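# Show me the folded form of this:
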Amino acid sequence: MKRVAVVEDNADNRLLVAVILEDKYDITEYETGADALQGFAVHVPDLILLDISLPGMDGVEVLGHIRTDERIKHIPVIAITAHASPADRERFLQAGFNEYVAKPIVDEMILLDAIARYLDG
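Okay, here's the model as predicted:
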């Protein structure tokens with residue numbers, strides 16, 4: 001089963017994503033970017049769902065660390081964020097995210113399709 005890391009500081013959002021994905025993927029959850037980067041050293045995920053607004057180190061900064069780490073720089077990273085304007089989307093894709101999904105997640109198929117493009121195709 002493919003492993004998906006969920007980096008999200010909001011417990012309700014982590015729960016929602018886990019419920020959507022739990023039957024299809026092995027989920028590992030992290031509350032902060034620092035925790036996630038430490039965890040990736042032990043459990044390398046197949047895909048990362050990364051919130052932008054995280055305490056301490058935001059998602060763009062976490063992505064920067066991911067993209068410079070030889071062991072994990074190849075992993076697809078999907079931004080999961082409430083920053084939902086077209087300009088935000090473009091900014092995050094330019095920053096190096098592979099995909100972008102806006103919160104709140106009201107249509108779970110948008111998230112599932114985004115993940116499937118990288119893991120199931």
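
# who touches stretch 3-23?
25-33, 36, 39-40, 43-51, 53-55, 59, 62, 80, 103, 105, 108, 111-112, 115, 119 (C-beta atoms under 8 Å, 6 or more residues apart in numbering). From N, CA and C alone the C-beta is placed, and that goes for glycine too.

# just stretch 53-68 next, same as before
7-9, 32-34, 36-37, 40, 48, 50-52, 72-73, 75, 77, 79, 81-83, 92, 95-97.

# Centre-most residue in the protein?
Centroid check for the chain by C-alpha atoms, centre = their mean gives residue 49 as the closest residue, at 1.2 Å.

# Show me what the mean pLDDT comes to for stretch 63-71.
The predicted model assigns stretch 63-71 a mean pLDDT of 97.

# by contact count, what packs against the least confident helix or strand in the chain by mean pLDDT?
When the helices and strands of the chain are scored by mean pLDDT, DSSP states H and E, helix 86-95 comes last with a mean of 92. Counting contacts by 3 or more C-beta pairs under 8 Å, 6 or more residues apart in numbering; DSSP states H and E, helix 86-95 packs against helix 59-67, strand 77-81, strand 99-102.

# That'll do, ta.
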